[in-house]
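**Student:** no letters, just coordinates:
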């Protein structure tokens, strides 16, 4: 694959368009760093703002636990083969959301998850991504039988929209994985 990131500008707070500066400043204050992905998204404030807003709403209003959120976000990134986001969400899952490493490794390796409810969640999420939303009623019933509702299904779709923004951008730009995520580097198969 051709390395495209030499043709893309990784912005700093100083070089970013005006509307992106505020987001980058807030990110640095809250995270102590600005992820490489954000530095490239900053080129287009509509992209950066949409991603941040949607991501924060998914985190705060989707009805999923922190572990379920990471299963969804990681499953989307694996289905889209986004090496940057898989590394980032694996690290967040392990260190911040306390997802058992057996779960994150199984998602990354395409193996069965050791938790039945999370397995249904991951499988459904990946099917939605791979089938571009074309899901059977039987697949919906499987998710609802696992304890999820229509509210949750709409939350999964929201996460897919948000992660598709980042997954596509990272693939096009070939965003380098941040040092903080390197220990969870992943290569799509």
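**Tutor:** Yep, that arrived. Only a predicted model underlies this, so the values are computations on that prediction, with no experimental measurement involved.
**Student:** low pLDDT regions in this structure?
**Tutor:** For the chain, residues meeting the criterion pLDDT under 70 lie at 1-6, 93, 95, 97.
**Student:** which ones are touching residue 51?
**Tutor:** Taking Cβ atoms under 8 Å, 6 or more residues apart in numbering as the criterion, residue 51 is in contact with 41, 162, 165, 166. C-betas here are computed from N, CA, C, even on glycine.
**Student:** distance of residue 172 relative to residue 78?
**Tutor:** For residue 172, the distance to residue 78 equals 18 Å [Cβ to Cβ, to the nearest Å].
**Student:** who has more neighbours out of the two?
**Tutor:** residue 78 (27 against 12; other Cβ atoms under 10 Å).
**Student:** tell me what the host helix or strand of the more buried one is packed against?
**Tutor:** Taking DSSP states H and E as the criterion, residue 78 maps to helix 66-79. Contacts defined by 3 or more Cβ pairs under 8 Å, 6 or more residues apart in numbering; DSSP states H and E place helix 66-79 against helix 83-95, helix 101-109, helix 116-130, helix 150-173.
**Student:** 10 Å instead, please
**Tutor:** helix 45-61, helix 83-95, helix 101-109, helix 116-130, helix 150-173 (3 or more Cβ pairs under 10 Å, 6 or more residues apart in numbering; DSSP states H and E).
**Student:** quick one, the longest one and helix 45-61 angle?
**Tutor:** Taking axes from the mean of the first three to the mean of the last three Cα atoms, to 10 degrees, one finds that helix 150-173 is oriented at 150 degrees with respect to helix 45-61.
**Student:** can you check what angle separates helix 150-173 from helix 66-79?
**Tutor:** Using the same axes, to 10 degrees: helix 150-173 against helix 66-79 is 40 degrees.
**Student:** show me what counts as buried in helix 150-173.
**Tutor:** For helix 150-173, burial by neighbour count (16 or more other Cβ atoms under 10 Å) applies to 152-153, 155-156, 158-160, 162-163, 165-167, 169-171, 173.
**Student:** ditto for the first one
**Tutor:** Neighbour-count burial for helix 45-61 flags 45, 47, 48, 49, 51, 52, 54, 55, 58 (criterion: 16+ other Cβ under 10 Å).
**Student:** tell me which two in the residues you listed are the farthest apart.
**Tutor:** 45 and 58 (19.9 Å; Cβ to Cβ).
**Student:** how many residues are close by residue 16?
**Tutor:** 24.
**Student:** now stretch 107-125, how far from the centre of its chain.
**Tutor:** What separates the centre of stretch 107-125 from the centre of its chain is 16 Å, taken as Cα atoms, centre = their mean, to the nearest Å.
**Student:** ok, the nearest residue to residue 129 once chain neighbours are set aside - contacts?
**Tutor:** With Cβ to Cβ, 6 or more residues apart in numbering as the measure, residue 79 is the residue that lies nearest to residue 129, at 3.9 Å, once sequence neighbours are left out. Counting by Cβ atoms under 10 Å, 6 or more residues apart in numbering, residue 79 touches 107, 122, 125, 126, 127, 128, 129, 130, 131, 160, 163, 167.
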